[in-house]
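J.: My questions concern the predicted model and sequence given below.
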Amino acid sequence: MTMGDRRQFSRACARKLHNQNHAAAGAIVAELFAVGTLAIALTPRLTSHRGLLIALALLLPSLLLLLTPELQPSMLALLIGTALAGIATGFGYRCSLQKINEIATEDQRAEIVSTYLIACYCGVSIPVIGVGLVAAATNPLLADSLFAGIIALMAIIALLVEWKISPA
């Protein structure tokens with residue numbers, strides 16, 4: 001998250017939740033990373049298949065809970081949605097990288113992991129840019145809702161595909 005993203009998030013918290021404290025916005029972002037890190041650290045035996053299923057399943061309610069404060073101010077919904085998103089993000093990253101390492105051959109692992117990381121960076125950047133462009137052209141609620149819907153649809157498709165794959 002860039003400095004500009006954090007400032008934008010602080011402004012959104014101030015506007016939607018009537019909370020002018022920038023430290024509160026910073027604490028919410030810190031919650032996302034702390035919960036994701038804890039989820040990874042506390043589940044060393046989690047298989048890539050099961051972890052991806054959990055990550056994709058948790059992504060759906062987290063999107064809904066993260067959109068809720070846009071419609072009705074709710075710090076509780078934001079905090080719970082952030083915690084679920086932290087778990088989903090932590091498991092999604094760790095377990096997808098684990099799956100990549102499981103299927104990559106020894107001689108191609110470096111190239112495949114490098115390509116995976118580029119895809120991750122694009123996957124984080126493109127929605128941020130898209131939300132910004134749509135919000136500037138319309139309004140933040142429409143932009144957030146549109147991208148949450150796209151992400152939810154992609155998560156459902158990925159969940160169905162991963163569900164059909166038998167664990168290794």
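T.: That came through fine. Residues are numbered from 1 along each chain as shown.

J.: ranges for the helices of this structure?
T.: Per DSSP state H, the chain carries helices over the ranges 3-17, 22-41, 48-71, 75-103, 109-137, 140-164.

J.: Of those, which shows the lowest average pLDDT?
T.: Mean pLDDT per stretch puts helix 3-17 lowest among the helices of the chain, at a mean of 58.

J.: tally of neighbours for the residue lying closest to residue 101 once chain neighbours are set aside?
T.: Counting by CB to CB, 6 or more residues apart in numbering, residue 101 lies nearest to residue 109, which is 6.7 Å off, once chain neighbours are set aside. To be clear about C-beta, it is placed using only N, CA and C from the backbone, and glycine gets the same treatment. Neighbours of residue 109 under the rule other CB atoms under 10 Å: 13.

J.: With residue 70 instead?
T.: Count around residue 70 with other CB under 10 Å applied: 21.

J.: Do I have it right that it meets residue 143?
T.: No - contact criterion CB atoms under 8 Å: residue 70 and residue 143 do not qualify, at 10.1 Å.

J.: buried set for stretch 109-116?
T.: By neighbour count on 16 or more other CB atoms under 10 Å, the buried set for stretch 109-116 is residue 116.

J.: Keeping just the C-alphas, turn that stretch into PDB.
T.: Output in PDB follows, covering the C-alpha atoms of stretch 109-116 (Å, rounded to 0.1, in the frame of the first residue of the first chain):
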ATOM      1  CA  ARG A 109      11.000 -23.300 -10.400                       C
ATOM      2  CA  ALA A 110      12.800 -19.900 -10.400                       C
ATOM      3  CA  GLU A 111      11.200 -18.800 -13.700                       C
ATOM      4  CA  ILE A 112       7.800 -19.900 -12.600                       C
ATOM      5  CA  VAL A 113       8.000 -18.300  -9.200                       C
ATOM      6  CA  SER A 114       9.200 -15.000 -10.800                       C
ATOM      7  CA  THR A 115       6.300 -15.100 -13.200                       C
ATOM      8  CA  TYR A 116       3.900 -15.800 -10.300                       C
END
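
J.: That'll do, ta.
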